[in-house]
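[1] Quick one, fold the following:
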Amino acid sequence: MDFSSTRMLAQGLFVFLMLSTMAEATKPRTILVGDSQGWRAGTNYTQWAIQNSPFHINDTLVFKYPPPGNSTVTQSVYLLPNLWSYITCEFRGAKLLGNASEGDDEGFKVALNESKPYYFASAEGNSYDCLAGLTKFIAVPSTRSTTS
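    As a prediction, this is how the structure comes out:
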């Protein structure tokens with residue numbers, strides 16, 4: 001094999017690897033909220049969201065938390081309707097996505113299928129965690145870029 005053929009082969013391999021990487025980057029992700037700790041009281045999910053962003057359209061969030069019991073704080077997941085509700089922890093008009101028992105086992109999934117802000121929060125404990133800036137976060141999915 002001469003230099004020209006080797007060079008063309010190397011360029012072809014490079015293009016193939018780049019396309020493979022780009023295709024991988026465009027696949028929707030399934031993301032466990034809170035990583036291995038899951039969705040739990042007293043956690044700063046804003047930090048978690050920053051570390052796990054960017055979120056993209058068609059990514060799926062998985063909320064897992066233990067069922068209510070003597071050793072766990074009851075959890076729920078709401079989708080708040082707007083930024084004001086999120087800031088003030090006002091749950092009127094919010095949509096209950098997962099009650100206290102829906103986060104056990106495999107948890108439940110929320111698809112981020114629109115390019116809009118998703119305001120997630122827990123209302124448990126008289127919204128104490130929410131008001132303290134905990135057990136809530138915002139996900140704003142964007143379209144995936146096929147170029148770097």
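[2] Does the residue most central in space within the chain belong to a helix, a strand or coil?
    Computing the C-alpha centroid of the chain and ranking residues by CA atoms, centre = their mean puts Leu61 first, at 4.3 Å. Put simply, Leu61 is strand when judged by DSSP: H, G, I helix; E, B strand; the rest coil.
[3] In contact with the closest residue to it other than its chain neighbours, which residues are there?
    Using CB to CB, 6 or more residues apart in numbering and skipping the chain neighbours, the partner closest in space to Leu61 is Val110 (4.7 Å). C-beta coordinates here come from the backbone N, C-alpha and C atoms, glycine included. Residues near Val110 by CB atoms under 8 Å, 6 or more residues apart in numbering: 60-63, 77, 79, 97, 118, 120.
[4] about what we covered before: quick check, the residue nearest to the centre of the chain in contact with Ala139.
    Yes: at 6.8 Å, Leu61 and Ala139 qualify as touching, with contact defined as CB atoms under 8 Å.
[5] list the helices and strands the particular helix or strand that has Ile87 in it packs on?
    Secondary structure assignment for Ile87, by DSSP states H and E: helix 83-88. Packing partners of helix 83-88 (3 or more CB pairs under 8 Å, 6 or more residues apart in numbering; DSSP states H and E): strand 118-121.
[6] try 10 Å
    strand 77-80, strand 118-121, helix 128-131, strand 136-139 (3 or more CB pairs under 10 Å, 6 or more residues apart in numbering; DSSP states H and E).
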